[in-house]
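> all I have is the shape, not the residue letters:
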């Protein structure tokens with residue numbers, strides 16, 4: 001028998017703040033967390049700004065020795081997981097409970113910074129200079145592995161790697177793990193730390209990034225006619241998913257209920273989305289079907305909304321195809337990437353949290369920097385100012401290079 005799955009804890013480190021309360025406040029105020037890169041000299045790059053994490057201290061969550069043996073993407077995941085765990089009011093020490101407690105965390109790239117540092121050591125001193133911790137620090141699964149060790153979680157445990165859909169897939173599989181009785185509690189979401197010289201250079205080389213170096217905070221402008229690329233960002237967003245009766249029995253507060261997941265492939269192109277968002281259409285339809293929702297029932301979509309020409313156009317086209325007349329008559333959409341940039345493999349985690357909080361608080365965060373309407377992107381994108389409005393049902397969309405599509409359906413409890 002299928003079981004209900006609810007969100008009982010959230011934690012995040014984002015360009016807007018090192019916890020979810022500060023991040024949420026910044027989102028509702030319509031502030032941007034994007035600025036000129038400070039962690040290295042970006043002057044030789046075509047794009048010189050990003051969504052960096054500010055004043056993050058991993059030793060608040062890990063001891064000094066652990067921080068030396070982990071990449072930044074793992075440290076961000078441990079921090080966000082700790083905040084989510086504490087927010088949920090969890091204490092899990094019983095061996096049987098530990099076996100029903102799992103961790104699935106996505107990361108599109110993994111330990112990019114570690115790879116660069118160790119490659120530089122190899123070039124300067126040969127293979128004998130490579131750290132014995134190089135491989136376990138770099139591999140993408142280590143966030144999920146390390147978090148499971150940190151909390152003694154012995155249930156389902158692995159990493160999803162599907163580019164910008166990574167944490168959407170993580171949440172989807174964690175949801176199903178609880179729904180079909182493989183676990184009672186899951187820590188899930190995503191983490192990424194790819195603002196490095198090679199990370200920035202790689203995305204510059206494929207012409208994916210905005211080049212508005214004179215206006216970093218106004219550069220991410222999803223659905224705007226003058227959009228010119230996404231903004232690279234670091235961070236982590238982790239949720240506690242819990243079986244509904246388990247949560248009720250311990251008096252947990254509930255942000256929202258996950259009621260459906262859609263996961264599809266474009267089978268079309270390594271970077272470009274399929275025509276009219278065909279794969280995205282199917283993902284949204286599958287999520288609605290599992291959720292037993294009619295398209296006209298939906299109140300809000302937290303869009304993938306990257307601020308690239310093709311993504312914003314095809315996502316708009318996909319929404320029109322799926323929702324018909326309702327797309328222009330009551331359905332509200334926003335892209336919070338306008339404020340925090342694109343967290344790649346962590347994007348779906350933080351955006352799922354934002355979607356849940358939108359339902360919980362009845363406030364829709366805006367799409368900022370919207371100045372010039374695009375005739376082909378003509379829906380209600382909640383432009384420039386947050387909107388207070390009851391939200392009963394919502395989707396969170398995540399689409400990734402390789403043609404990966406995930407749509408997560410939620411509702412108010």
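Right, received. Where do you want to start? Given the structure is predicted, the values throughout are model-derived calculations rather than measurements.
> buried stuff in stretch 306-320?
By 16 or more other CB atoms under 10 Å, the buried positions in stretch 306-320 come out as 306-308, 311-320. (Each C-beta comes from the backbone N, C-alpha and C, glycine too.)
> same deal with stretch 164-182?
For stretch 164-182, by 16+ other CB under 10 Å, it's 164-179.
> residue boundaries of the helices in the stretch 251-400 of the chain?
For the stretch 251-400 of the chain, the helices defined by DSSP state H, counting those that start in this stretch cover 278-290, 309-323, 337-340, 347-361.
> which of those sits closest to residue 246?
helix 347-361 (17.8 Å; CB to CB).
> and that closest one, what's buried?
Here helix 347-361 shows 347-360 as buried, counting by 16+ other CB under 10 Å.
> got TSV for those, with pLDDT and distance to residue 281 too?
Supplementary listing: these in TSV, determined by pLDDT from 0 to 100; distance: CB to CB, whole Å:
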residue	pLDDT	distance to residue 281
347	98	20
348	98	18
349	98	23
350	98	24
351	98	19
352	98	20
353	98	25
354	98	23
355	98	19
356	98	24
357	98	26
358	98	23
359	98	23
360	98	28
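> biggest separation within those residues, which pair?
Longest span within those, CB to CB: 347 and 360, 20.1 Å.
> who's in contact with residue 278?
Contacts for residue 278 (CB atoms under 8 Å, 6 or more residues apart in numbering) come out as 266, 268, 318.
> let me have the buried residues of stretch 306-320 in a markdown table, extended by distance to residue 292 and pLDDT.
Below are those laid out as a markdown table (distance: CB to CB, whole Å; pLDDT from 0 to 100):
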| residue | distance to residue 292 | pLDDT |
| --- | --- | --- |
| 306 | 30 | 98 |
| 307 | 33 | 98 |
| 308 | 33 | 98 |
| 311 | 29 | 97 |
| 312 | 29 | 98 |
| 313 | 30 | 98 |
| 314 | 27 | 98 |
| 315 | 24 | 98 |
| 316 | 26 | 98 |
| 317 | 25 | 98 |
| 318 | 21 | 98 |
| 319 | 20 | 98 |
| 320 | 22 | 98 |
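> just flag the most distant two among those residues.
Counting by CB to CB, the most remote pair of the buried residues of stretch 306-320 is 307 and 320, 19.4 Å apart.
> in the stretch 1-150 of the chain, which spans are helices?
Under DSSP H, counting those that start in this stretch, the stretch 1-150 of the chain gives helices at 20-29, 64-68, 72-87, 95-99, 112-125, 134-138, 142-151.
> so where is the protein shaky, pLDDT-wise?
Scanning the chain for pLDDT under 70 picks out nothing.
> which residues of it fall in strands?
5-13, 35-36, 49-50, 101-106, 157-158, 185-192, 235-243, 256-265, 300-302, 332-334, 363-364, 387-388, 393-400, 404-411 (DSSP state E).
> so which of those strands is the most packed in?
Most buried of these, by mean neighbour count (mean count of other CB atoms under 10 Å): strand 185-192, with a mean of 34.
> if we can go back for a sec, list just the nearest of the buried residues of stretch 164-182 to residue 391.
residue 171 (18.5 Å).
> so what's the closest residue to the closest one other than its chain neighbours up against?
Distances taken as CB to CB, 6 or more residues apart in numbering place residue 188 nearest to residue 171, at 5.1 Å, with adjacent residues excluded. Shown in contact with residue 188 (CB under 8 Å, 6+ apart): 103-105, 167, 170-171, 173-174, 238-239, 241, 349.
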